[in-house]
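need a 3D model of the following:
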Amino acid sequence: MRGAVVSIQVAILLMFIMAIAIALAGYLYTTFYSSLQYTYIALTQAYIYPTSAGAEVKICFMVGGAGGLSISGVELDGKLSPSVRVYVRGVEREVVKAGDVGYIKAEFPGVSVAPGWMPTGRVVTRQGFSFFFTPAVSQAEGRCPGE
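Numbers count the residues shown, from 1 in each chain. Below you'll find the predicted structure:
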């Protein structure tokens with residue numbers, strides 16, 4: 001009888017250990033999988049320059065992580081741009097993916113560019129992420145790396 005009690009105790013202990021091991025494996029798997037799905041944009045440079053209708057912002061970027069993002073808007077000092085275009089290697093795109101290098105152009109009609117002005121802006125994605133930038137004021141369109 002004594003051997004049967006010890007065997008039951010060992011079986012119960014093994015069940016608890018297996019339950020903890022399975023829970024830990026599930027947690028590690030979901031954490032690893034979610035880290036692979038995260039996508040970010042590194043805004044490397046930004047320029048603001050005058051145009052005939054106002055001002056235009058050009059933002060250079062590189063995309064990292066995995067998956068893709070859609071740029072939904074660009075704000076400058078709280079004002080949303082009515083026209084945003086995204087270019088990857090010179091071709092206009094709707095979605096940017098991991099490994100892409102390109103630039104964003106956003107028009108701001110009625111905005112005047114003055115030397116010494118330090119505007120702040122942010123790029124907003126459809127997925128709910130925001131990426132902040134401070135453009136350099138210039139008199140002509142700047143160039144992005146790899147352009």
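
check contacts around the spatially most central residue of the chain.
With distances taken as C-alpha atoms, centre = their mean, the chain has residue 40 as the residue nearest its mean C-alpha position (2.8 Å). Residues in contact with residue 40, defined by C-beta atoms under 8 Å, 6 or more residues apart in numbering, are 63, 64, 65, 129, 131. (Glycine included, C-beta is placed from N, CA and C.)

is it bridged to anything, and to what?
With DSSP bridges as the criterion, residue 40 is bridged to residue 64.

the one 5 residues further on now?
Applying DSSP bridges to residue 45 yields these beta-bridge partners: residue 60.

residue 16 looks like it's in a helix, true?
Yes - when DSSP: H, G, I helix; E, B strand; the rest coil is applied, residue 16 is found to be in a helix.

how many residues are close by it?
Residue 16 has 9 neighbours, counted by other C-beta atoms under 10 Å.

check the one 5 residues further on too.
Around residue 21 there are 10 other residues, counting by other C-beta under 10 Å.

any idea how far the helix or strand harbouring residue 107 is from the chain center?
Element membership for residue 107 (DSSP states H and E) is strand 101-109. Mean C-alpha position of strand 101-109 versus that of the full chain (C-alpha atoms, centre = their mean, to the nearest Å) differs by 16 Å.
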